[in-house]
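Chemist: Got a predicted model here, sequence first, then my questions.
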Amino acid sequence: MALGVHRRVGVDSNIFIYQFESDNFPDFAPLSQELFELVQAGKIEAITSGITLTEIGVVPYRRGRAEVAYQYGYVLRTMPHLSLVDIDHRVADRAAMLRARYGLRTPDALQLAAAIEGRATAFLTADREFTRAGGEIEIVLLQGG
């Protein structure tokens, strides 16, 4: 994984989804697993926002599996070396600037703003749309096999 010198990274929702739903994403699951092993070992500090709680819960709730959504949320709230950044006025204002400057969708702008406000030096995602904001923070694209 190309995180190099980064010790504090923002993590997009899709990376969590690849981990939690690994059977559905065989190309990405080993890469997300590698990241979370580094996080759990304390070699990397990860940051994400409450947007991730929303996005990882959609499929389980859609399938009538509220207990699965709760389990996913529990992992996010209790994983060592993972911080959930609140969407406060600073994050919202930074997201508005990112959305205006780079044309990001609101959820993406909020995720990126949370990482920046949380002092991450890189943002890990599989969504190429984030590369437009590469002048703000290093965007590291997870690319499956």
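Modeler: Arrived safely. Computed from a prediction, not measured in an experiment: that's the story for all the values here. Residues are numbered from 1 along each chain as shown.

Chemist: For the worst-scoring helix or strand of the chain on mean pLDDT, name the packing helices and strands.
Modeler: Of all regular secondary-structure elements in the chain, judged by mean pLDDT, DSSP states H and E, the least confident is helix 29-40 with a mean of 87. The criterion is 3 or more Cβ pairs under 8 Å, 6 or more residues apart in numbering; DSSP states H and E, and the helices and strands that helix 29-40 contacts are helix 13-20, strand 45-49. C-betas here are computed from N, CA, C, even on glycine.

Chemist: which residues of the protein fall in strands?
Modeler: Chain-ordered strands for the chain, with DSSP state E as the definition, fall at 8-11, 45-49, 82-85, 122-125, 138-141.

Chemist: and the ones you listed as TSV, adding mean pLDDT?
Modeler: Output for those, formatted as TSV (pLDDT from 0 to 100):
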stretch	mean pLDDT
strand 8-11	96
strand 45-49	96
strand 82-85	94
strand 122-125	95
strand 138-141	93
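
Chemist: if we compare those, which one ends up closest to residue 30?
Modeler: Evaluated over the strands of the chain, closeness to residue 30 peaks at strand 122-125, with 14.4 Å, by Cβ to Cβ.

Chemist: which other residues reach stretch 122-133?
Modeler: Stretch 122-133 is contacted by residues 3, 6, 9-12, 14-15, 18, 28, 35, 98, 101-105, 108, 111-112, 115, 137-144 when judged by Cβ atoms under 8 Å, 6 or more residues apart in numbering.

Chemist: ok, of those, which come out buried?
Modeler: For the contacts of stretch 122-133, a burial check counting by 16 or more other Cβ atoms under 10 Å picks out 3, 6, 9-12, 14-15, 18, 28, 35, 98, 102, 104, 108, 111-112, 115, 137-140, 142.
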